[in-house]
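Student: Okay, structure incoming, though there's no sequence with it:
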């Protein structure tokens, strides 16, 4: 089994439960392992990558990660590792992401797939197997899970809602299992478990509507009808407006110049509203018509949906309105235990430090707010006392 060291990314023997194909913490030498994308440089929209631990950290050197360094830019960067197949085993993607800013609109996801011919050309057109991670814009805040099947990318049918906290590093984990199930974890807690065949549209539906069948022309699916015995009363007033009976043609009205005079209309004081017959149960009602289903001749089951060959690169391909997102501790492995063990050494102590720092910051902000309110109240009281003294002097 192989494992990448936390410090340098070189291959070392592993005594763990699985193989770790990539373990990157953006320490010394990371620039030799990661290649900037040239994709958006020609039009001047490519953003610069920096390294930073952010406002809050546990150990600045250990917690320094890759940071999007500019606003309103595309960011692309990727790395390669020894290709592998996840046939017959789990496929785990894990990384840390911290918005050290109000993101407004932008992505925080990772792409993993077959190694491109040239990493410098990595960008939106690049083929990938998995796109996983946060994407938000306005009120939409979710975790993307997009998987490639037979050359086509498929987005998970329903969203995994995720609202990241500014200044806090979130641990994002995707586990794709060989039984065609998957799980999304955030901060080591499961957010969604599902079946690949049910949650994505990889396969044609097992059943389809029988094309030879259609709703009979005499099928009655109206549950309620107007009561045929209910008639509008003869004295029922449903005219909303009437001619004003008090209006008179002005004496100086000239039909040749002014045209034919018409009396203005007014709201009808006797108006009772629009009349409608009472509704009753329809005696001919047959219930909703259901289209008969038949087996789909194009359906073909596939137990290898989960499987990817030649997995050999990982990269970030993002657009952000506000730069400042930090990525760290990117892990590609076939063991959730291995990924969790790495997170316990890296993310767990960082998370505790960040939570403590954020709590302290909020307490300070609250104390400053109260102090400001007290000072303003004292100022107002002093001004009121001065006004009273001036009145007494008068």
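Tutor: It's in. All of these numbers come straight from a predicted model, not from anything done at the bench.
Student: Now the phi/psi pair for residue 282, please.
Tutor: With angles defined as degrees, to the nearest 10, residue 282 sits at phi -80, psi 110.
Student: measure it to residue 219 for me?
Tutor: Residue 282 sits 12 Å away from residue 219 when distances are taken as C-beta to C-beta, to the nearest Å. In this view, the C-beta of every residue, glycine as well, is placed from N, C-alpha and C.
Student: same deal with residue 280?
Tutor: Residue 280 sits 20 Å away from residue 219, going by C-beta to C-beta.
Student: what's the answer for residue 350, then?
Tutor: Taking C-beta to C-beta, one finds residue 350 at 64 Å from residue 219.
Student: do the same with residue 336
Tutor: Distance of residue 336 to residue 219, computed by C-beta to C-beta: 53 Å.
Student: Settle it for me: which of the two has more neighbours?
Tutor: Neighbour count, other C-beta atoms under 10 Å: between residue 336 and residue 219, residue 336 has more, with 18 against 12.
Student: Please list all residues in contact with the more buried one.
Tutor: Applying C-beta atoms under 8 Å, 6 or more residues apart in numbering, we find residue 336 in contact with 90, 92, 173, 175.
Student: Buried members of those residues into PyMOL, please.
Tutor: Of these, the buried ones go into a single PyMOL selection, burial set by 16 or more other C-beta atoms under 10 Å:
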select buried, resi 90+92+173+175
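Student: Tell me where the protein has helices.
Tutor: Assigned by DSSP state H, the helices in the chain fall at 30-33, 196-199, 255-258, 336-393.
Student: Export those helices to a markdown table and append columns for distance to residue 210 and mean pLDDT.
Tutor: Listed next are these as a markdown table, based on distance: least, C-beta to C-beta, whole Å; pLDDT from 0 to 100:
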| stretch | distance to residue 210 | mean pLDDT |
| --- | --- | --- |
| helix 30-33 | 57 | 96 |
| helix 196-199 | 23 | 97 |
| helix 255-258 | 69 | 85 |
| helix 336-393 | 44 | 84 |
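Student: Just say which of these is most tucked in.
Tutor: Mean neighbour count, computed with mean count of other C-beta atoms under 10 Å, is highest for helix 196-199 among the helices of the chain, reaching a mean of 17.
Student: how much distance is there from it to the middle of the chain?
Tutor: The chain centroid and the centroid of helix 196-199 are separated by 19 Å under C-alpha atoms, centre = their mean, to the nearest Å.
Student: Any chance you could list what contacts that helix?
Tutor: Residues outside helix 196-199 that contact it (C-beta under 8 Å, 6+ apart): 147, 156, 157, 158, 176, 180, 181, 182, 202, 203, 305, 306.
Student: Leaving out sequence neighbours, find the closest residue to the spatially most central residue of the chain.
Tutor: Nearest residue to the geometric centre of the chain (C-alpha atoms, centre = their mean): residue 142, 2.2 Å. Using C-beta to C-beta, 6 or more residues apart in numbering and skipping residues adjacent in sequence, the residue nearest residue 142 is residue 159, 4.1 Å away.
Student: The residue lying closest to residue 324 once chain neighbours are set aside - how many residues pack around it?
Tutor: Among residues not flanking residue 324 along the chain, residue 101 sits closest, at 3.5 Å (C-beta to C-beta, 6+ apart). Neighbour count for residue 101, taken as other C-beta under 10 Å: 20.
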